[in-house]
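*Asks:* Structure for this input, please:
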Amino acid sequence: MTLVSISSRNFTGFFSVSNLVPSRIVKLFAANKLVINLNETNIIKIITKNSSHSTLCIGYKEMYTEEAVKRKFLGLQIDNHLNWKNHIEQMIP
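*Replies:* I've put the predicted structure just below:
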């Protein structure tokens, strides 16, 4: 499992940097004789409640990954606002 963290104060900067990441990761993995499965790649953009939401779509060659609202990561249910509601709902049953 690989986790990449990108931060920016504005969406334009974030979008331009985040579109460079997949190609650089593929090259880094190839240099170390590793393969990344882009079909299994997940993107989650952490946003504040006050920020406007705009869809993020990151791609490499002809493969694009749209952002997810929530994902399971290391046993925790994480959503794009970093609240515990989804995780607690999964743990109660």
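
*Asks:* helix or strand for residue 22, which one?
*Replies:* Taking DSSP states H and E as the criterion, residue 22 maps to helix 21-31.

*Asks:* I'd like the next helix or strand past that helix.
*Replies:* strand 57-60.

*Asks:* Excluding covalently adjacent residues, which one is nearest to the residue most central in space within the chain?
*Replies:* Central residue of the chain (C-alpha atoms, centre = their mean): residue 43, 2.2 Å from the mean position. Ranked by C-beta to C-beta, 6 or more residues apart in numbering and with sequence neighbours excluded, the top spatial neighbour of residue 43 is residue 67, at 4.6 Å. No exception for glycine: its C-beta is placed from N, CA and C like everyone else's.

*Asks:* picking that back up, give me the buried positions along the helix holding residue 22.
*Replies:* By neighbour count on 16 or more other C-beta atoms under 10 Å, the buried set for helix 21-31 is 22, 25, 26.

*Asks:* ok, so what distance separates the second one from residue 38?
*Replies:* Right, the one you point to is residue 25. 9 Å (C-beta to C-beta, to the nearest Å).

*Asks:* related to what we said a few turns ago, so what's the residue count around the residue nearest to residue 43?
*Replies:* Around residue 67 there are 18 other residues, counting by other C-beta atoms under 10 Å.

*Asks:* OK, contacts around it?
*Replies:* By C-beta atoms under 8 Å, 6 or more residues apart in numbering, residue 67 lies in contact with 43, 44, 45, 55, 56, 57, 80.

*Asks:* which one of the residues you listed sits closest to residue 6?
*Replies:* residue 45 (9.1 Å; C-beta to C-beta).

*Asks:* pretty sure the closest one is in contact with residue 56, am I right?
*Replies:* Yes - under the criterion of C-beta atoms under 8 Å, residue 45 makes contact with residue 56 at 5.2 Å.
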